[in-house]
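Engineer: Pasting the sequence and the predicted coordinates here, then a few questions.
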Amino acid sequence: MKPRVLVTRHVYPAAIAILQEHCIVDYVDSHDVLDEARLARRLQHAHGVVCQLTDPLTANVVNSAPLLRCIAQIAVGHDNIDVAAATARRIVVTNTPGVLTEATADLTWALLLATARRLPAAEQFLRAGKWQRWEVDLLCGADVHGRTLGLVGFGRIGQAVARRARGFGMRVLYQSRSQAPAAIEQELGAIRVPLDTLLRESDFVSLHVPLRAETTHLVGVEQLCAMKRSAFLINTARGAVVDEAALVAALEEGLIAGAGLDVFEREPELHPGLLALPNVVLLPHVGSAVTSVRSLMCALAAQDCVAVLTGERPKHPVNPQVLA
Ligand code: NAP
């Protein structure tokens, strides 16, 4: 008998076609999010699930799915999944790294430039009919070229952001648990420094770590105080890597110059203070939002789900120890 796969939300059609070749598909073709109770109920007869970062794959949900063998996430981050609970039950968790690296690095740069050069404010000014003439001090922003970029997390996306910084003649510092290979450091002109040095010396601090217990509120009051008053914080990683309340206070008090945020602690809710601040650029979690990339991510998750359920090795296991 064919295995059963739950697809929790609307996806690109390629994923459904791949799954239907090998599985019976229970497709929730909607943009609504299943809460824990509804997700647990839909998983009662599922051998696999193709899910998204909005789906709460908590220990309770994982443990209440008696037949589950694969959780295939359409994202590289998987902080919505209790991987330890899945591993304990020998359920394979997969994600979709790589295909979204360049798109997310592009978006990081778009956000960095928009924040430094005040692009949303400039566009709103023009659309509101306020533009009368060229003025020497109209909507002036901060230098990017030649400044120092500090990357917290230096994996796929952090390195892709560093590669783009070469074109802006920037000095690149990074902080990561492990040192990058010398050839990469040399190619990207990147220097590994402790976090406090990075915060003290960077004009732009850009976050690229996964959300884990040890990276939750990695940037809080102390770290914001350590940054230059003229510096900007860019976050395209996960919202909870930053203490959002502390960030709002720091921006209100002028402890840092501004922030560009693609991700938030309680998406889609924002800290109420953020919307009132003129020196932030806010995006609705669109880091990898390129049609071809999102379609590839959906297909990759479906392929890995099929691989697990048909006894093949998936391309991107998050907990490979389950496969051993
Ligand atoms: P990656 O290749 O795994 O890189 C993660 C980097 O973070 C590695 O350098 C890793 O260091 C470092 N790291 C992990 N834990 C750390 C810690 N406790 N302290 C300091 N550094 C730590 O991942 P990626 O593909 O670049 O993606 C990074 C994150 O971006 C994802 O987890 C996801 O949450 C986010 N993301 C967001 C969007 C968006 O739409 N905004 C899109 C894609 C990804 P080691 O190598 O030493 O472990």
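Structural biologist: Everything's here; your move. Residues are numbered from 1 along each chain as shown.
Engineer: Look up the residues forming beta bridges with Leu151.
Structural biologist: Using DSSP bridges, the bridge partners assigned to Leu151 are Tyr174, Ser206.
Engineer: wait, doesn't Glu185 sit right on Ile191?
Structural biologist: Yes - using Cβ atoms under 8 Å, Glu185 is in contact with Ile191, at 7.1 Å. Every C-beta, even on glycine, is put in place using the N, C-alpha and C of the backbone.
Engineer: Of all the residues in this protein, which one is nearest the ligand?
Structural biologist: With Cβ to the nearest ligand atom, the shortest gap between the chain and the ligand falls at Gly155, namely 1.8 Å.
Engineer: Spit out the contact partners of that residue.
Structural biologist: If you count contacts by Cβ atoms under 8 Å, 6 or more residues apart in numbering, Gly155 has them with 176, 208.
Engineer: distance of it from Asn80?
Structural biologist: 19 Å (Cβ to Cβ, to the nearest Å).
Engineer: swap in Pro13?
Structural biologist: From Pro13 to Asn80 the distance is 24 Å (Cβ to Cβ).
Engineer: Which one's more surrounded, the two?
Structural biologist: Counting neighbours by other Cβ atoms under 10 Å for Pro13 and for Asn80 shows that Asn80 has the greater number, 16 against 10.
Engineer: Now that one. Its backbone dihedrals?
Structural biologist: Main-chain torsions, Asn80, degrees, to the nearest 10: phi -80, psi 0.
Engineer: Mind pulling up the pLDDT for it?
Structural biologist: With respect to pLDDT, Asn80 scores 98.
Engineer: again with Ala103
Structural biologist: For Ala103, pLDDT reads 98.
Engineer: Might you report the residue contacts of it?
Structural biologist: Contacts of Ala103 by Cβ under 8 Å, 6+ apart are 287-290, 293.
Engineer: So which residues of the stretch 51-200 of the chain form helices?
Structural biologist: 59-63, 83-88, 101-116, 119-127, 156-166, 182-188, 195-201 (DSSP state H, counting those that start in this stretch).
Engineer: Dump the longest one to PDB, restricted to CA.
Structural biologist: Translated: helix 101-116. Below are the C-alpha coordinates for helix 101-116, written out as PDB (Å, rounded to 0.1, in the frame of the first residue of the first chain):
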ATOM      1  CA  THR A 101      21.200  30.800  -0.100                       C
ATOM      2  CA  GLU A 102      21.800  33.300  -2.900                       C
ATOM      3  CA  ALA A 103      18.200  34.700  -2.800                       C
ATOM      4  CA  THR A 104      18.400  35.200   0.900                       C
ATOM      5  CA  ALA A 105      21.900  36.900   0.600                       C
ATOM      6  CA  ASP A 106      20.400  39.200  -2.200                       C
ATOM      7  CA  LEU A 107      17.500  40.100   0.100                       C
ATOM      8  CA  THR A 108      19.900  40.800   3.000                       C
ATOM      9  CA  TRP A 109      21.700  43.300   0.800                       C
ATOM     10  CA  ALA A 110      18.500  44.800  -0.400                       C
ATOM     11  CA  LEU A 111      17.500  45.300   3.200                       C
ATOM     12  CA  LEU A 112      20.900  46.600   4.300                       C
ATOM     13  CA  LEU A 113      21.000  49.200   1.400                       C
ATOM     14  CA  ALA A 114      17.400  50.200   2.000                       C
ATOM     15  CA  THR A 115      18.100  50.800   5.700                       C
ATOM     16  CA  ALA A 116      21.300  52.700   5.200                       C
END
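Engineer: How far off centre is that helix?
Structural biologist: Taking Cα atoms, centre = their mean, to the nearest Å, the mean C-alpha location of helix 101-116 is offset from the chain mean by 12 Å.
Engineer: Also the fourth one?
Structural biologist: Mean-position distance between helix 119-127 and its chain equals 27 Å (Cα atoms, centre = their mean).
Engineer: coming back round to it: show me which of Glu185 and Ile191 is the more surrounded one.
Structural biologist: Glu185 (18 against 12).
Engineer: Between the two ends of stretch 249-257, what distance do you get?
Structural biologist: 12 Å (Cα to Cα, to the nearest Å).
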